[in-house]
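[1] dropping a prediction and its sequence here:
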Amino acid sequence: MAFDIPRDAMTPVARVELDRDPAPHPFEAANRPEIDRNWAVEHAANPALFDGRMMLFSELSLRGDVLAGRCHEVRYATLLYWRKYPGTLLAEHAFAHAALVARDGALVAIRMGRHTANPGGVYFAAGSFEREDFAGGRCDLPRNMAREVGEETGLDIAGLRQDPYYVLFSRNHSTAIFRRYWLDDDAETVAGKIRAFVAAETDPEIEGPVIISAGEPLPAGIKPHMAAFCDWHFGRPQITAIDAPSGDPISNRDSP
């Protein structure tokens, strides 16, 4: 097992190469009875939880300017159990964030619904990697980010201007992989679109949008990795974006 990445620092990377290993994850294999018992407790406390499938990592390392990793499909119940023991050397969690930047420079995040595993949490629309994100065995990060943003907010980020690099922030054995996407509308217009989408949903995942502006206090419920990103984003007034070409400017779809 290898987890060799900077902690508690915003770290730009040129490429992200995350590969799926079809073998069982060692952490899940070693803790099945405990995972089942914990799931019974978690589900009894929140029956809305769904024990779906997601990816948990057994390797994650920074090799020059490339983040490389190996992950395995596990039960969501496994993640909930792992969250109570994140110091294990067997597993780490990683996920991608499409950081939405409005025309006025504000960030547009979301607040999670009270029925979710992160009630009231504030971060960018996101979700754990799933099998469908791994075309040919390697993770398609833009696809994951576009899917999660669409499912939670109704926004379509395909074709938007985007940074030509990713930025990592890792703490407590969880790694957020950020990429900024630049919107044509101001923050309040974007937030209005999200509110309308949430109002039309029968069972929305989120309570609604959260606008984060420069010089304003961070909202209640903001997660530590989000706070670190906000400090980094608003501390860099000289920002550059690119127009998304027909292909992703950072290739993470190389053939295996």
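    Sure, I can see it.
[2] for residue 120, see how far away residue 44 is.
    Residue 44 sits 21 Å away from residue 120, going by C-beta to C-beta, to the nearest Å. Glycine gets a C-beta too; all of them are placed from N, C-alpha and C.
[3] and those two? which has more neighbours close in?
    The neighbour comparison of residue 44 against residue 120 (other C-beta atoms under 10 Å) goes to residue 120, with 12 against 9.
[4] what about the more buried one, which SS state?
    Following DSSP: H, G, I helix; E, B strand; the rest coil, the label given to residue 120 is coil.
[5] not counting sequence-adjacent ones, nearest residue to it?
    Nearest non-adjacent residue to residue 120, counting by C-beta to C-beta, 6 or more residues apart in numbering: residue 221, 4.5 Å away.
[6] and the gap between the one you found and residue 48?
    For residue 221, the distance to residue 48 equals 19 Å [C-beta to C-beta].
[7] just checking, residue 25 touches residue 81?
    No - using C-beta atoms under 8 Å, residue 25 makes no contact with residue 81, being 11.8 Å away.
[8] out of residue 221 and residue 48, which sits in the busier spot?
    Taking neighbours as other C-beta under 10 Å, residue 221 and residue 48 compare with residue 221 leading, 17 against 11.
[9] list the residues that contact that one.
    Going by C-beta atoms under 8 Å, 6 or more residues apart in numbering, residue 221 touches 111, 120, 121, 122.
[10] give me the neighbour count for residue 152.
    Around residue 152 there are 22 residues (other C-beta under 10 Å).
[11] should've said residue 154
    Residue 154 has 17 nearby residues by other C-beta under 10 Å.
[12] if you skip the residues just before and after it, what's nearest to it?
    Take residue 154 and drop its neighbours on the chain: the residue closest to it by C-beta to C-beta, 6+ apart is residue 197, 3.2 Å away.
[13] can I take it that the one you found is in a strand?
    No - Residue 197 sits outside any strand when classified using three-state DSSP, being helix.
[14] surely it and residue 156 touch.
    No - the pair residue 197 / residue 156 is not scored as a contact, 11.1 Å apart, by C-beta under 8 Å.
[15] these two: which has the busier surroundings?
    Taking neighbours as other C-beta under 10 Å, residue 197 and residue 156 compare with residue 197 leading, 18 against 10.
[16] can you tell me how far residue 69 sits from residue 42?
    With distances taken as C-beta to C-beta, residue 69 is found 26 Å from residue 42.
[17] chain center to stretch 138-155: distance?
    9 Å (C-alpha atoms, centre = their mean, to the nearest Å).
[18] what mean pLDDT does that stretch get?
    Confidence over stretch 138-155 (mean pLDDT, whole number) is 96.
[19] give me the phi and psi for residue 11.
    Main-chain dihedrals, residue 11, degrees, to the nearest 10: phi -130, psi 110.
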